[in-house]
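> Coordinates only, no sequence provided:
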C-alpha cells in the first residue's frame, strides 16, 4: 500500500519561503512521476507542480512559475516543493500525489491522472 506523508508547511509572511517534503513508501518511488497540488477554502484542487519519473521533466502552473521549484531525491524516496516569494494567494493545503501503479515511467503533464494522496500540509501566507 502506498503512503505519502507531507511536511514543512506553516505560517510565513509574504515574500518568504518554505520547503515542503513528501516521503513516499510502498512503491518503487524512482519509477513514478509525482505531483504537488493545493486546495484553498472554497476552491477546486489545482495542480501546482509535477516532476517526471526521471526528474528531467517538470510542470508548473502559471501562477507559480519562477517562484516554486519541484525536485526529487530517489535515495530518500522524497519529493520536494521549494516555494519562494510567497504571496497571500498561495495560502492553501498542499498535498503530494502519485499516479496509479499502472502508469510508471511517465512524463508529467496536467492530464496525468493521480490516484494516491497524502494528508496535506497547511501553508498560510500573511500579508
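Alright, I've got the coordinates. Nothing here was measured: the structure is a model prediction, and the numbers come from that model. Numbering: from 1, shown residues only.
> Within the helices and strands, which one has the residue positioned nearest the centre of the chain?
Of all residues in the chain, the one closest to the mean position by Cα atoms, centre = their mean is residue 36, 1.9 Å from it. With the criterion set as DSSP states H and E, the secondary-structure element containing residue 36 is strand 34-39.
> That strand: partners in the sheet, and parallel or antiparallel?
In the sheet containing strand 34-39, the strands it pairs with under DSSP bridges are strand 46-51 (antiparallel), strand 92-98 (antiparallel).
> wait, which of those is closest to residue 120?
In this view, the strands paired with strand 34-39 are compared for proximity to residue 120 by Cβ to Cβ, and strand 92-98 is the closest at 4.2 Å. From N, CA and C alone the C-beta is placed, and that goes for glycine too.
> what's the following helix or strand after the closest one?
Next helix or strand after strand 92-98 toward the C-terminus (DSSP H and E): strand 116-117.
> Can you list the buried residues in the very next helix or strand once past that following strand?
Read in the C-terminal direction, the helix or strand following strand 116-117 is strand 121-126, with elements assigned using DSSP H and E. Within strand 121-126, the residues that count as buried by 16 or more other Cβ atoms under 10 Å are 121, 123, 125.
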